[in-house]
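Peer 1: model this:
(one chain, ligands or ions: 1)
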Amino acid sequence: MNSEKFIANHVAKLPRSGIRDFFAIVSEMPQAISLGIGEPDFVTPWKIREASIFALEKGKTSYTDNRGLISLRKEISTYCSSFFGPDYDPVSEILVTVGVSEAIDIALRAVLNPGDKVLYHEPCYVSYSPSVSLAFGEAIPVGTNPENEFSLDPEAFENAWEPGCKILMLNFPTNPTGGTADREKLERLAKFAKDKDLLVISDEIYAELTYEGEHVSIASLPGMKERTLLLHGFSKGFAMTGFRVGFACGPNWLIESMMKIHQYCMMCAPILSQEAAVEALTNGLDEVCRMREQYHKRRDFVVRRFNDIGLSCHLPRGSFYAFPNIESTGLNETDFCHRLLREQEVAVVPGIAFGQHGANHVRASFSTSYEKLVMATDRIEKFITCLDLENKKSQAI
Ligand code: PLP
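Peer 2: As a prediction, this is how the structure comes out:
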């Protein structure tokens, strides 16, 4: 059977995620310390798990409204107005999804015609470019850079604009750099979006994990609610990756179009996860603060260690990722990761997995216990010392 015949051309062309291959190797190494995973090391707080168990005991095993439980949408509406700013109508402006992943996919599919262009900043979350391709759009990455801590650069977006651009996709705080966006820069970007008549998709999944300054949502700026789709979820701040629940808030015309896709491909998010999400928003916020405090301490430690070791590392203002520059080692990011894993059994992710602008960097997640971070950074120091000796020897020959 000629299998090639049966795979759609645009899927055949899609590259496999480099991270998956790399972590298949890590999973075979029991002694390895992984700083590679993009999920909290905390187990979902007990009261949230208990809400889900209780719902199961009560026999809540059905589908829900396609848009999600109305009790959850009401809680989301209250949370968004207090945390992000805008008021969203729980009936017509909120859609509960299977994680932010689904929300990204159906938003792009609802909006893009073949060839429409999407501007987004890079390095970025691995799914952005493939999701645009799967929706037959054209991805236009715009580089952010370490000199300004990978923060929002509105001017770079203005310079990158070209006819056919329809969507501006943002993710602050950013995976993998921890970059953030301040109010002034967001205001300039909002003006650009209005001038060029762009729809903004703002993935704010790490919003609660902001350590410096306030988190500002572009949706809260004047005139922006009507052209912004705000995406958020429970995976990161609430440590609920396995529950697979997120949401999209935006203008009714867009939510309605996304709903058309969602109702056919997903039907609804799992009811037990939605019940857990209600508990997360009503009683789980103190747990979010507790986890953020831990990440904050770990961040300060890891960034200090990387800089002491000689790997220049900016301060990630949000998220749970450090993104040190490894150029000083003389290795490229892929060789660095493979050798570090082989020689010291520490896994970090090559920056190039997050786009070309991630070259010369690696992503090290600090969603790992403090003790493991101490061990991992000691091993990285050993690795760098051995590399230095090796370089000196080869120079002497
Ligand atoms: N957006 C960003 C920026 C992410 O880093 C991730 C996961 O790593 C997601 C979305 C996917 O989140 P979810 O678990 O809600 O699908």
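
Peer 1: pLDDT averaged over stretch 279-288, what's the number?
Peer 2: Average pLDDT, stretch 279-288: 97.

Peer 1: List the contacts of it.
Peer 2: Stretch 279-288 is contacted by residues 45, 47-48, 50-52, 72, 75-76, 78-79, 208, 234, 237-240 when judged by Cβ atoms under 8 Å, 6 or more residues apart in numbering. (C-beta placed from N, C-alpha, C; glycine too.)

Peer 1: Let's see that with 7 Å instead.
Peer 2: By Cβ atoms under 7 Å, 6 or more residues apart in numbering, the residues outside stretch 279-288 that reach it are 45, 47-48, 51, 75-76, 79, 208, 234, 237-238, 240.

Peer 1: Of the residues you listed, which is the most crowded?
Peer 2: Ranked by the number of neighbours (other Cβ atoms under 10 Å), the contacts of stretch 279-288 place M240 first, at 28 neighbours.

Peer 1: Report the contact partners of that one.
Peer 2: Contact analysis of M240 by Cβ under 7 Å, 6+ apart lists 44, 48, 234, 276, 280.

Peer 1: These in strands, which ones?
Peer 2: Using DSSP state E, the subset of the contacts of M240 located in strands is empty.

Peer 1: Out of the residues you listed, which are close to the ligand?
Peer 2: Taking Cβ under 6 Å from any ligand atom, there is no overlap between those and the neighbourhood of the ligand.

Peer 1: which of the residues in stretch 18-29 are buried?
Peer 2: Buried positions in stretch 18-29, judged by neighbour count with 16 or more other Cβ atoms under 10 Å: 18-19, 22-23, 26.

Peer 1: Spell out the residue ranges of the strands in the stretch 1-150 of the chain.
Peer 2: Remark: strands assigned in the stretch 1-150 of the chain by DSSP state E, counting those that start in this stretch are 33-34, 94-97, 117-122, 138-143.

Peer 1: highest average neighbour count across those?
Peer 2: Per residue and on average, the most neighbours among those fall to strand 94-97, with a mean of 26 (mean count of other Cβ atoms under 10 Å).

Peer 1: mean confidence for that strand?
Peer 2: In this model, strand 94-97 has a mean pLDDT of 98.

Peer 1: That strand - contacts with which helices or strands?
Peer 2: helix 70-83, strand 246-249, helix 252-265 (3 or more Cβ pairs under 7 Å, 6 or more residues apart in numbering; DSSP states H and E).

Peer 1: Show me what the shortest one pairs with in its sheet, parallel or antiparallel.
Peer 2: I take that to be strand 246-249. Counting by DSSP bridges, the strands paired with strand 246-249 are strand 94-97 (antiparallel), strand 228-233 (antiparallel).

Peer 1: Which one of those strands lies nearest to the ligand?
Peer 2: Closest to the ligand of the strands paired with strand 246-249 is strand 228-233 (Cβ to the nearest ligand atom; 3.6 Å).

Peer 1: what angle separates that closest one from helix 70-83?
Peer 2: Relative orientation of strand 228-233 versus helix 70-83 (axes from the mean of the first three to the mean of the last three Cα atoms, to 10 degrees): 110 degrees.

Peer 1: Alpha carbons only: can I get strand 228-233 in PDB?
Peer 2: Extracted in PDB, the C-alpha atoms of strand 228-233 (Å, rounded to 0.1, in the frame of the first residue of the first chain):
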ATOM      1  CA  THR A 228      -9.200  40.500  20.600                       C
ATOM      2  CA  LEU A 229      -9.600  36.800  21.400                       C
ATOM      3  CA  LEU A 230      -8.300  36.200  24.900                       C
ATOM      4  CA  LEU A 231      -7.100  32.600  25.500                       C
ATOM      5  CA  HIS A 232      -6.500  31.300  28.900                       C
ATOM      6  CA  GLY A 233      -6.600  27.900  30.700                       C
END
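
Peer 1: wait, which of the helices and strands packed on strand 94-97 is closest to the ligand?
Peer 2: Of all the helices and strands packed on strand 94-97, it is strand 246-249 that lies closest to the ligand, at 4.2 Å by Cβ to the nearest ligand atom.

Peer 1: List of residues touching that closest one?
Peer 2: 76, 80, 88, 93-97, 99-100, 103, 107, 229-234, 255, 258.

Peer 1: Buried residues, the helix ranked longest in the chain. List them.
Peer 2: Assignment by DSSP state H gives helix 370-396 as the longest helix of the chain. Across helix 370-396, burial judged by 16+ other Cβ under 10 Å covers 372-373, 376-377, 379-381, 383-384, 387.

Peer 1: Can you pull up the residues of the stretch 101-250 of the chain that come close to the ligand?
Peer 2: The stretch 101-250 of the chain comes close to the ligand at residues 101, 125, 171, 175, 203, 205, 233, 235, 241, 246, as judged by Cβ under 6 Å from any ligand atom.

Peer 1: so which two of these are the farthest from each other?
Peer 2: Using Cβ to Cβ, the two most remote members of these are N171 and T241, lying 16.8 Å apart.

Peer 1: Now stretch 225-237: buried residues?
Peer 2: Within stretch 225-237, the residues that qualify as buried are 225, 227-237, counting by 16+ other Cβ under 10 Å.

Peer 1: Going by proximity to the ligand, name the top residue of this protein.
Peer 2: Residue nearest to the ligand within the chain (Cβ to the nearest ligand atom): G99, separated by 2.6 Å.
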